[in-house]
Each structure stands twice: as C-alpha cells, then as structure tokens.
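Engineer: sequence and predicted model, in that order:
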Amino acid sequence: MSIFTEFGLRQIINASGKMTALGASAVSNPVAAALQSASQDYVDISELYIKAGEVIAPYTGAEDALPTTGAAAGIAIATAAVITGTNLNLIETVPNVKNVSTEIIVQKGHSVNFGAPVAQMISIGGGKVVEVGQSNQVEIDHIKQAINENTAGLFYIKSHHAVQKGMLPLENMMAVGREYGLPVIVDAAAEEDLKKYIQLGADLVIYSGGKAIEGPTSGFICGKKQLIKACRMQYKGVGRPMKIGKEGIMGLLAAIQHYHEKESDADSQLSRMEALCKRVNEEVNGMTASIVQDEAGRAIYRAKLTIDEKQTGYSAYQLIHELESGNPAIYTRNHYANLNIINIDPRPLLEGQEVIIVNRLKEILGGNQK
C-alpha cells in the first residue's frame, strides 16, 4: 500500500510527466537511501552547500553550483545574484533594491506560467521584468533596443511551456549578452542535458532536481564562480525561506550521480507507447492514437490520443474529468485539450500502468466497437 493511500489519499497514475503538481518524480532506491541517511545525521549546512556545489559542478561543466529547493527558487535567487552581487547591504534589501540596475529582459513568448508566473519569480528576486517583442515574434533589435543603464541581465527559458515559434535562439541572446556585458540566465528546469547551456556560454543555468534528474523536490543553479557565490549569499536574504535541507541536498547529489550513469530508456518508452497506441486504435471507441515527440525537442515520445467528440459524446475536458475523478486517478498531459487531444507521457508510468489506462478508457468510451 502506498504511504499516501494509508492517509486516505487516492492512488495516482501519473501519465502527465514530471509535474510538480503530482510530486515530480518517484525516486530510485539509492536516492531514497540517501534521503533517509541524511535525515538521521547532522552536518554543517554552510559547508554542505559549498561541498554540494563542488560535487554538482563537474556534471554540468560549470565553475560552481548551488543546490536550491527547486527551479522556481533558482529563478528568484539567480535574479537577485545578478542584481546585488555579493553586496550584503543590497542582499538584505531584496526585493526592494534601490539605486542599482534591476531590469531583466525576457522575450514575450517566454513570459509564461509554469504553475506560477515566471515574471513573479523574477520579481521576488528584485528584478523588474521587461518583456520584448511579441508573443510569436522577437527580433534581436527588440532586445538590443531595450537595453539601457538599468538593465541587469537577460533571461532565457527553455521549456515546453514557452512559445517555440518566432523566439530568438539562445545563441542570439548570448551574443547580445557578450556585446553589452550582461549576464545571461537560462531556466532549463526540465531539460535533460546538464552541460549544453553552460557550453553555449550561459552565465547561470537553473535546473529542477525532481524532473529529468529524478531526484527529490530540489533544484540547483550552476555557472560562473563569482555569480554562484552571489547566489549562495542570497541565503542571507531573500533565499532564506527557499533554503533546501540536508535531506534534499543529499538526495539531489545521489540522483545526479545516478543520472550521469543512467542509460537512456527512450527506446523502451517509445515501445511502451507504441503498444498503448495499438491497443487504443484497436479497442477504444471514438479515439485514435499516434506517437508524437516532445514539443521542446527532447527524446521523449508520447502517445497522442485524439477524441472524436461526435462519436463518443465526450470532449477532451469531460474525459479528463472522468479520468481524474476515478480511483486510481489518472492524470494525462492536457496542453492540447482545447483540440480534443490528450497525451500520455511514459516517463513517470510505473510498470503495467499503461494497461490500466487503456482499460479505463474502454470503460468510459466503450470498447470493441472498431
């Protein structure tokens, strides 16, 4: 029995992805062991933060790193760091920093909501968000012409939440940063490649520890040594309520070490989704299934389920409600529900759960009618 069901909570089948709202990842046994071991011992936390950075940095190619409670905290802390540097008097005034540059330039299509607004996280770190361009078109001049004496940095988001079409690539943002001497912060929360953005020249890169890395609720910032020092000092200010404990740090380190050694299981995930699509197409009434790749280009292959509302009498939203209302509750990926499309993400599915999903779809929509 799940520890959650012991408290009367419903069982969850997560076909949505590494979603914070569903607990992100189910950690491996080595990560769970690290969490338990750390929780039953003591450590100098300030030393642990420094040592954790030394452990994480080589996996990213960065000069240094800092563990955080998550990527959202990383956004606030990284923003505060480029604004205040290591000046303690300024650090203690965040987010109400005065008499220094605080403007953070963000492409309009990157000013998104990931569960909360990115712009709000930047504001918590003392940044004043300056959106440039249009939601479907940004040109390099939009960025250059927004830069002035109040500009503190450039912010780039690599995420499926962000607009993929018409935004400037990171390389262009990086070139502008170098030209104007401005730091570039990259939010790569759910990205799988831990070295790519540092190699491209980003000054600070933010990752979630609980998503692709499959660690506990955590995150980290990696980047230039002096900027990471400034990030670490934010724990004396705005970062204090975002501090990550010993358990989370050690679980994160175990996850990163395991992640480095882990072989890609994209082929296995694809095979599982192909089998699911075959069963849906053969057995579920009023639904067609196919394979689609992740919107952000990652090696993630999901099952795309399209509902014929006229045939089934169900819209995607009605089907989603039925799936989530059951026990087990099935949570799907619903970014295209307005088009009567839901997606099944194989990464968080436990063994055999795709069978349960197909059987539940047959219960709701009817089966064996094709």
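Structural biologist: Here it is on my side, so go on.
Engineer: okay, strands next: where are they in the stretch 251-370 of the chain?
Structural biologist: 287-293, 301-307, 329-332, 341-344 (DSSP state E, counting those that start in this stretch).
Engineer: which among these is found nearest to I124?
Structural biologist: strand 329-332 (28.2 Å; CB to CB). Placement of C-beta: from N, CA and C, glycine included.
Engineer: may I see the buried residues of that closest one?
Structural biologist: 330-332 (16 or more other CB atoms under 10 Å).
Engineer: let's have those in TSV, adding pLDDT and distance to S123.
Structural biologist: TSV is the format used below for these (pLDDT from 0 to 100; distance: CB to CB, whole Å):
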residue	pLDDT	distance to S123
I330	93	36
Y331	92	30
T332	91	32
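Engineer: nearest to A119 among those residues?
Structural biologist: Y331 (26.7 Å).
Engineer: show me the beta-bridge partners of the closest one.
Structural biologist: N14 (DSSP bridges).
Engineer: distance check, it against E63.
Structural biologist: Y331 is 39 Å from E63, where distance means CB to CB, to the nearest Å.
Engineer: ok, back up a step: now the strands of the stretch 251-370 of the chain in a markdown table, with distance to D203?
Structural biologist: Below are those laid out as a markdown table (distance: least, CB to CB, whole Å):
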| stretch | distance to D203 |
| --- | --- |
| strand 287-293 | 30 |
| strand 301-307 | 33 |
| strand 329-332 | 36 |
| strand 341-344 | 34 |
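Engineer: my read: A57 touches C222, true?
Structural biologist: Yes - with contact defined as CB atoms under 8 Å, A57 and C222 form a contacting pair (6.2 Å).
Engineer: more crowded one of those two?
Structural biologist: C222 (30 against 20; other CB atoms under 10 Å).
Engineer: what sits against the more buried one?
Structural biologist: Going by CB atoms under 8 Å, 6 or more residues apart in numbering, C222 touches 56-57, 60, 62, 64-66, 194, 198, 204-205, 207, 228.
Engineer: out of these, list just those in strands.
Structural biologist: In strands, defined here by DSSP state E, the members of the contacts of C222 are 64-66, 204-205, 207.
Engineer: with adjacent residues omitted, what lies nearest to G115?
Structural biologist: Leaving out its chain neighbours, the residue that sits closest to G115 by CB to CB, 6 or more residues apart in numbering is T20, at 5.8 Å.
Engineer: just I244 next, same as before
Structural biologist: That would be T69: by CB to CB, 6+ apart, it lies 4.7 Å from I244.
Engineer: mind checking pLDDT for the one you found?
Structural biologist: We have a pLDDT of 96 for T69.
Engineer: the one 3 residues further on too?
Structural biologist: According to the prediction, A72 has pLDDT 94.
Engineer: am I right that it is in a strand?
Structural biologist: No - per DSSP: H, G, I helix; E, B strand; the rest coil, A72 lies outside any strand segment and is helix.
Engineer: and the closest residue to it other than its chain neighbours, how far from K211?
Structural biologist: Closest residue in space to A72, ignoring its immediate chain neighbours: M121 at 5.4 Å, by CB to CB, 6+ apart. As for M121, its distance to K211 is 16 Å (criterion: CB to CB).
Engineer: same question for T79.
Structural biologist: 21 Å.
Engineer: more neighbours: those two, which one.
Structural biologist: A direct count of neighbours by other CB under 10 Å for T79 and K211 places T79 higher, at 31 against 23.
Engineer: how about the residue nearest to I244, phi and psi?
Structural biologist: phi -70, psi -20 (degrees, to the nearest 10).
Engineer: from here on, call the first residue 104.
Structural biologist: Done: numbering now begins at 104, and the last item shifts to T172.
Engineer: can I assume it is in contact with G322?
Structural biologist: Yes - between T172 and G322 there is a contact at 6.6 Å, judged by CB under 8 Å.
Engineer: what about these two, which has more around it?
Structural biologist: The residue with more neighbours, out of T172 and G322, is G322; 28 against 19, by other CB under 10 Å.
Engineer: who's in contact with that one?
Structural biologist: So G322 contacts 170-177, 292, 309-313, 355 (CB under 8 Å, 6+ apart).
Engineer: most widely separated two among these?
Structural biologist: The largest distance within the contacts of G322, taken as CB to CB, falls between A175 and L355 and amounts to 15.3 Å.
Engineer: look at these two and report which has more neighbours.
Structural biologist: Taking other CB under 10 Å, A175 and L355 do not tie; L355 has more neighbours (29 against 23).
Engineer: any idea how far L169 is from that one?
Structural biologist: Counting by CB to CB, the gap from L355 to L169 is 11 Å.
Engineer: anything in contact with each of those two?
Structural biologist: By CB under 8 Å, 6+ apart, the residues touching both L355 and L169 are 155, 323.
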